[in-house]
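Q: can you look at this prediction? I've put the sequence above it.
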Amino acid sequence: MATQDYKRAYVWQLPVRIFHWVNALSITVLIITGLLISHPPGIMSAHEASAQFWFGYIRKIHFMSAYLMVAVLFMRVYWAFKGNKYSDWKVFVPFNKEGLSSVWHTIKYDVFLQNPKVYDYKKSVSVGHNNIAAISYLIMFIMAIVMIFTGFGLYSQNSTWFLPKMFTWIPTFLGGDMNTRVLHHATMWAFILFALVHVYLVLFHDWLEGRGESSAMISGYKFVRAERAKKESEKEN
């Protein structure tokens, strides 16, 4: 049985990795605090209400996490124009003929688990994001925009800072605070679903391919076939 020679390839640059982990942390905190805000637990206490501010702290943590999410999102958009080809904005809009062909290939062989007649590792194994992942991240970016607009729209009534005040028109545009809250809350559940699928697929591909899919978002490196790594290096130069 023939064996393949693999080389390490630098795929995920430091700003991409920082965005990934800071964004994951901020989204996790936003989800936990958001659930508490939407369904606050009843806490029995002998203290006066004026002496307790735990729900205020929950809201404060929620808003701080939102600002952090916005900050790294701006950084990631900037890096989409300044980073390497794996982080380039063009990766996330694979709607040309070649990209759509790759999307269909991924759906057939990764989602529906069909067996290809002729195995082509270049189509079956992606160095960076495959096109299905790229499209899902584009959708996640759109969801993040929805969360930012609706969240700041709800916060604008109580905020004194100019940034949330820029979104005062959102609740009116959406037909009131209730509609804005429902859309904000529904998008949160979409993020939860995305996170579950994302973690499952990363671990699945890590187990299936053994190329460092998980550790790559820490070190930045993946293992790639030697001939492919050479070609990738030549393209970078």
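A: Happy to help now that I have it.
Q: grab the longest helix from the protein for me.
A: helix 177-209 (DSSP state H).
Q: in that helix, which residues are buried?
A: Neighbour-count burial for helix 177-209 flags Thr180, Arg181, Leu183, His184, Thr187, Met188, Phe191, Phe194, Leu201, His205 (criterion: 16 or more other C-beta atoms under 10 Å). No exception for glycine: its C-beta is placed from N, CA and C like everyone else's.
Q: next, format the residues you listed as JSON lines and append pLDDT and distance to His129.
A: Shown next, in JSON lines, are the buried residues of helix 177-209 (pLDDT from 0 to 100; distance: C-beta to C-beta, whole Å):
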{"residue": "Thr180", "pLDDT": "96", "distance to His129": "32"}
{"residue": "Arg181", "pLDDT": "95", "distance to His129": "33"}
{"residue": "Leu183", "pLDDT": "97", "distance to His129": "28"}
{"residue": "His184", "pLDDT": "96", "distance to His129": "27"}
{"residue": "Thr187", "pLDDT": "95", "distance to His129": "22"}
{"residue": "Met188", "pLDDT": "95", "distance to His129": "24"}
{"residue": "Phe191", "pLDDT": "95", "distance to His129": "18"}
{"residue": "Phe194", "pLDDT": "92", "distance to His129": "14"}
{"residue": "Leu201", "pLDDT": "81", "distance to His129": "11"}
{"residue": "His205", "pLDDT": "77", "distance to His129": "11"}
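Q: show me where the chain has its helices.
A: So, for the chain - with DSSP H - the helices run 14-38, 54-82, 97-106, 121-124, 131-155, 162-165, 169-174, 177-209, 216-219, 226-236.
Q: hmm, back to that, centre of the chain versus the longest helix of the chain, how much separation?
A: 9 Å (C-alpha atoms, centre = their mean, to the nearest Å).
Q: tilt between that helix and helix 14-38?
A: 130 degrees (axes from the mean of the first three to the mean of the last three C-alpha atoms, to 10 degrees).
Q: packing partners of helix 177-209?
A: helix 14-38, helix 131-155, helix 169-174 (3 or more C-beta pairs under 8 Å, 6 or more residues apart in numbering; DSSP states H and E).
Q: tell me the buried residues in the shortest one?
A: Just to be clear, that refers to helix 169-174. Ile170, Pro171, Leu174.
Q: same list (the residues you listed) but as TSV, adding pLDDT.
A: Converted to TSV, the buried residues of helix 169-174 look like this (pLDDT from 0 to 100):
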residue	pLDDT
Ile170	96
Pro171	95
Leu174	96
